[in-house]
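Enquirer: pasting the sequence and the predicted coordinates here, then a few questions.
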Amino acid sequence: MAVLQQFKCPCCDGAIEFDSNLQKMKCPYCSSEFDMQTLQAYDAELNAQPQEDMSWDTAAGQQWQPGETEGLRIYTCNSCGGEIVADDTTGASECPFCGNPVVMTGQFAGSLKPDLVIPFKVDKKAAIAKLQEHYKGKVLLPKVFKDQNHIKEVKGLYVPVWLFDTDANAHVRYKATRTRSWSDSNYYYTETSYFNVTRAGGIGFANVPVDGSTKMDDTMMESIEPFRIEEAVDFQTAYLAGFLADKYDVNSEESVARANQRIKKSTEEAFASTVKGYTSVMPVSSNIQLLNGQARYALYPVWILNTMWNGQKFTFGINGQTGKIAGDLPMDKGAFWKWLLGVAAATAAAVFAVSYLLWLL
């Protein structure tokens with residue numbers, strides 16, 4: 001069976017053809033020209049790359065030892081179905097995710113024991129102060145958000161996180177351009193030159209976090225990063241005293257896809273930072289081989305507050321280690337119109353006063 005070989009343009013990825021007049025390969029899309037030897041060498045380089053391998057050893061966490069879970073209790077939310085772990089002295093009457101009542105269903109069982117925990121450093125008083133500072137000056141914020149009793153409902157929650165460590169060998173190809181412009185008395189000219197740029201090398205990753213709970217929004221968790229993992233300690237149940245802990249429902253294997261996304265993006269950005277002297281740089285392909293990839297199970301401290309307004313849930317998260325805050329705020333349309341009318345009235349009064357003074361003069 002005959003095999004048809006097709007070359008693609010390194011500049012725009014369009015199919016290129018042989019131009020008999022030029023005796024070269026020419027791209028009909030961007031007009032770039034190449035000799036056959038260059039294209040063959042380029043194609044051979046691409047074919048020589050190994051298949052991408054981003055597999056992991058996802059054995060994370062530990063088995064609980066006899067007696068370690070005796071003081072732990074499970075609370076189940078009747079509304080969202082969330083399972084919350086706490087010690088037997090913690091009063092957990094409301095779900096930290098949806099605000100509805102939770103019911104204690106018995107002794108803790110199942111799941112893995114975390115390898116690490118980052119203890120809370122920001123206490124409840126400081127978390128409330130962070131929320132109040134965040135709300136400060138926002139005159140169009142609904143009153144329920146500013147209510148002191150509501151703000152005090154903020155809850156300390158340990159969020160399950162899978163941490164991924166790996167070394168990576170990467171080969172990344174970029175499409176780069178260099179542009180120059182000039183003009184004469186009649187026209188303005190722009191010339192764009194296209195370049196195929198490759199970078200290869202090794203890079204190491206440590207403690208790439210992936211949220212292990214479907215109830216915690218991934219975007220929020222990543223918005224309150226970074227957490228200082230160097231302050232993590234070996235897990236002990238004593239750290240749960242007075243706080244809640246979310247029971248993971250996304251295991252380490254299911255978290256690999258997100259870990260690979262973060263590693264791939266970071267690798268492409270790190271290598272792209274070494275490509276200098278071009279007008280634009282865009283990744284075209286990347287091939288990553290992971291070495292000695294492994295996962296660990298940790299608990300991250302987060303202060304969380306949920307607020308329902310107009311049938312919509314608004315969630316705020318505060319990094320329990322650094323105090324960094326993230327969350328969306330709604331606008332009260334009633335307050336907006338009152339504010340707008342007040343501005344209009346003040347403006348009209350000022351105009352009237354200036355006009356009256358001018359009349360007196």
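Expert: Cool, got the structure. Being a predicted model, the structure only gives us computed values, none of them experimental.

Enquirer: count the neighbours of Glu254 for me.
Expert: Applying the criterion other C-beta atoms under 10 Å, we find 15 residues in the vicinity of Glu254. C-beta coordinates here come from the backbone N, C-alpha and C atoms, glycine included.

Enquirer: typo on my end, Tyr29
Expert: Taking other C-beta under 10 Å as the criterion, the count of residues near Tyr29 is 13.

Enquirer: so Leu163 makes contact with Ala295?
Expert: Yes: counting by C-beta atoms under 8 Å, Leu163 touches Ala295, with 6.6 Å between them.

Enquirer: any common contacting residues for those two?
Expert: In the contact map built from C-beta atoms under 8 Å, 6 or more residues apart in numbering, the residues linked to both Leu163 and Ala295 are Ala60.

Enquirer: can you give me the strands for the stretch 201-350 of the chain?
Expert: With DSSP state E, counting those that start in this stretch as the definition, the stretch 201-350 of the chain shows strands at residue ranges 233-234, 244-246, 280-309, 312-319, 325-327.

Enquirer: buried sites along the fourth one?
Expert: Of all the residues in strand 312-319, those buried under the rule 16 or more other C-beta atoms under 10 Å are Phe314, Thr315, Phe316, Gly317, Ile318, Asn319.

Enquirer: swap in stretch 316-329?
Expert: Quick answer for stretch 316-329 (16+ other C-beta under 10 Å): Phe316, Gly317, Ile318, Asn319, Gly320, Gln321, Gly323, Lys324, Ile325, Ala326, Gly327.

Enquirer: just the CA coordinates of it, formatted as PDB?
Expert: Extracted C-alpha coordinates of stretch 316-329, given in PDB (Å, rounded to 0.1, in the frame of the first residue of the first chain):
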ATOM      1  CA  PHE A 316     -16.000  33.100  50.500                       C
ATOM      2  CA  GLY A 317     -12.900  31.300  51.300                       C
ATOM      3  CA  ILE A 318     -10.000  32.600  53.500                       C
ATOM      4  CA  ASN A 319      -6.600  30.900  53.600                       C
ATOM      5  CA  GLY A 320      -6.400  29.800  57.200                       C
ATOM      6  CA  GLN A 321      -2.600  30.100  57.100                       C
ATOM      7  CA  THR A 322      -2.000  33.500  55.300                       C
ATOM      8  CA  GLY A 323      -5.400  35.300  55.400                       C
ATOM      9  CA  LYS A 324      -5.700  35.600  51.600                       C
ATOM     10  CA  ILE A 325      -9.400  35.900  50.700                       C
ATOM     11  CA  ALA A 326     -11.400  35.100  47.600                       C
ATOM     12  CA  GLY A 327     -15.100  35.200  46.700                       C
ATOM     13  CA  ASP A 328     -17.700  37.000  44.500                       C
ATOM     14  CA  LEU A 329     -19.900  39.800  45.700                       C
END
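
Enquirer: so what touches it?
Expert: Contacts of stretch 316-329 from elsewhere in the structure, counted by C-beta under 8 Å, 6+ apart, are 118, 120-122, 126-127, 130-131, 134-135, 138, 141, 145, 154, 156, 216, 220-221, 223-228, 231, 300-307, 314-315.

Enquirer: give me the buried entries from the residues you listed.
Expert: Those of those that meet the buried threshold are 118, 120, 122, 127, 130-131, 134, 141, 145, 154, 156, 216, 220-221, 224, 227, 300-307, 314-315, by 16+ other C-beta under 10 Å.
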